[in-house]
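Colleague: one predicted model, sequence on top.
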Amino acid sequence: MARRRGLVDRLTTRVGARIDEALLGALSMRFQRRRRDVEEARTHEAARHGDRRAALEELTAFYRPLGDRFFPAPPTPRLVAEERRAVLPGGGRVVDVKWESRYTPAWEPARSDYLSFEPNRWVVARLYEQPARAASILCLHGYTGGNFFVEERAFVARWLYGLGLNVAMIALPFHGARAVDEAGRRAASWPSTNPARTNEGFGQAIWDARAVLRLLVARGARSEMAVVGMSLGGYTASLLATVEELAALCAYIPVASFADLMWDHGERSPERARAERAGITRELLRAAYEVHTPLARPPRLPSERVVIASSAGDRIAPPEHAAWLARHFGCPELRLPGGHLLQVGRGEAFRALARVLAAQGLLRER
């Protein structure tokens with residue numbers, strides 16, 4: 001039986017890797033046709049004069065010393081909309097809420113452009129609320145995600161609710177309803193090769209995530225909060241665990257360093273070649289993104305409350321990223337079969353998270 005299971009795991013891992021490679025190929029062709037983010041990066045004065053290295057060094061000199069000052073605490077949100085979507089077993093309910101983010105970009109040269117896309121200035125969230133006081137879990141989606149119909153299934157929201165948790169999902173910056181305006185125009189990509197936009201997007205992601213945690217407490221939740229994220233969401237969740245006191249962290253198929261991810265995925269690409277000719281290196285890119293890189297910040301929760309899980313065949317967020325995070329947080333890495341899209345081991349990661357929460361007495365007694 002064990003031998004057969006091992007064979008199945010190896011097969012699903014190979015299939016998962018092939019699916020991921022096909023997606024990467026399609027994305028590469030798309031980005032070669034549309035270099036919008038590269039052109040966006042040239043709005044900075046030094047970049048307009050062609051000195052991209054100087055522009056990156058100037059940006060790094062601003063962001064790198066900020067540390068925790070880059071993540072000011074948001075106020076409790078004031079809702080502008082609330083709609084009940086469903087009634088849940090035991091008297092709970094599903095509610096969609098909306099509020100103004102009020103995030104202000106730290107770097108003044110990027111401020112007006114960043115705030116110009118009006119839909120991104122509003123946060124939308126879906127809440128699965130318990131009828132009595134309970135701990136909460138925040139679910140953070142991956143790149144191009146943010147559709148709640150999809151995310152509540154990807155994060156098994158009803159199962160988490162059944163464990164006795166409040167469940168919250170938000171659309172990350174420039175995702176979901178925040179990515180398209182009334183005229184049907186789409187926001188530029190985030191994260192992207194525009195370092196200022198990427199940095200400020202993570203500043204806003206943490207601002208909005210902390211705001212929804214405060215909203216849950218204001219609506220009667222207990223103070224204990226957990227976070228689970230996938231891919232981009234795994235990176236954001238890991239970052240949140242260096243900013244906020246959390247009951248638990250689960251990062252599944254996470255990115256650990258966007259500088260390394262972009263550099264490695266750009267190998268043999270025209271954009272990487274242009275960057276290298278301009279004197280840009282992996283180390284410079286790491287420095288530019290350091291302000292929000294979880295690996296550069298101390299964890300704020302003990303290692304026994306952390307679950308880091310990867311897929312062995314992942315070609316989009318390679319398993320070494322999960323290994324880096326596991327070393328940083330001091331916990332084991334849970335290496336599962338499958339790939340980034342073919343997530344055959346996801347259930348095991350969620351069960352590991354449930355065990356962490358149960359050990360703290362945060363789940364409903366059965």
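Modeller: All right, it came through fine.
Colleague: gap between stretch 195-204 and the chain center?
Modeller: Per CA atoms, centre = their mean, to the nearest Å, the displacement of stretch 195-204 from the mean C-alpha position of its chain is 12 Å.
Colleague: and the contacts of that stretch?
Modeller: Where contact means CB atoms under 8 Å, 6 or more residues apart in numbering, the residues beyond stretch 195-204 that reach it are 37, 40-41, 44, 56, 59, 63, 70-71, 101, 103, 105-107, 109-110, 113-114, 120, 172-174, 188, 190-192, 236, 239, 258, 285, 288-289, 291-292. (Glycine included, C-beta is placed from N, CA and C.)
Colleague: swap in stretch 255-262?
Modeller: 191, 193, 198, 231-232, 234-235, 238, 282, 285-286, 288-289, 293-295, 317, 321-322, 324-325, 328.
Colleague: before we move on, what about stretch 138-155?
Modeller: Identification of contacts with stretch 138-155 by CB under 8 Å, 6+ apart yields 96, 126, 128, 157-158, 160, 167-172, 175-179, 191, 205, 209, 212-213, 225-234, 236-237, 240, 253.
Colleague: now list the buried members of those.
Modeller: By neighbour count, with 16 or more other CB atoms under 10 Å, these hold 96, 126, 128, 157, 160, 167-172, 175-179, 191, 205, 209, 212-213, 225-234, 236-237, 240, 253 as buried.
Colleague: inside helices: which ones of those residues?
Modeller: When helices are assigned by DSSP state H, the members of the buried ones among the contacts of stretch 138-155 inside them are 157, 160, 205, 209, 212-213, 232-234, 236-237, 240.
Colleague: show me which of these is closest to S269.
Modeller: Relative to S269, the closest of these is L232; by CB to CB it sits at 20.1 Å.
Colleague: any idea how far the closest one lies from L353?
Modeller: Counting by CB to CB, to the nearest Å, the gap between L232 and L353 amounts to 18 Å.
Colleague: which residue ranges of the stretch 251-366 of the chain form helices?
Modeller: Shown for the stretch 251-366 of the chain, the helices assigned by DSSP state H, counting those that start in this stretch span residues 258-265, 270-277, 282-289, 319-329, 346-359.
Colleague: any chance of TSV for these, columns distance to A134, mean pLDDT and mean neighbour count?
Modeller: Output for the helices of the stretch 251-366 of the chain, formatted as TSV (distance: least, CB to CB, whole Å; pLDDT from 0 to 100; neighbours: other CB atoms under 10 Å):
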stretch	distance to A134	mean pLDDT	mean neighbour count
helix 258-265	34	94	19
helix 270-277	47	88	14
helix 282-289	36	96	19
helix 319-329	25	98	21
helix 346-359	11	96	17
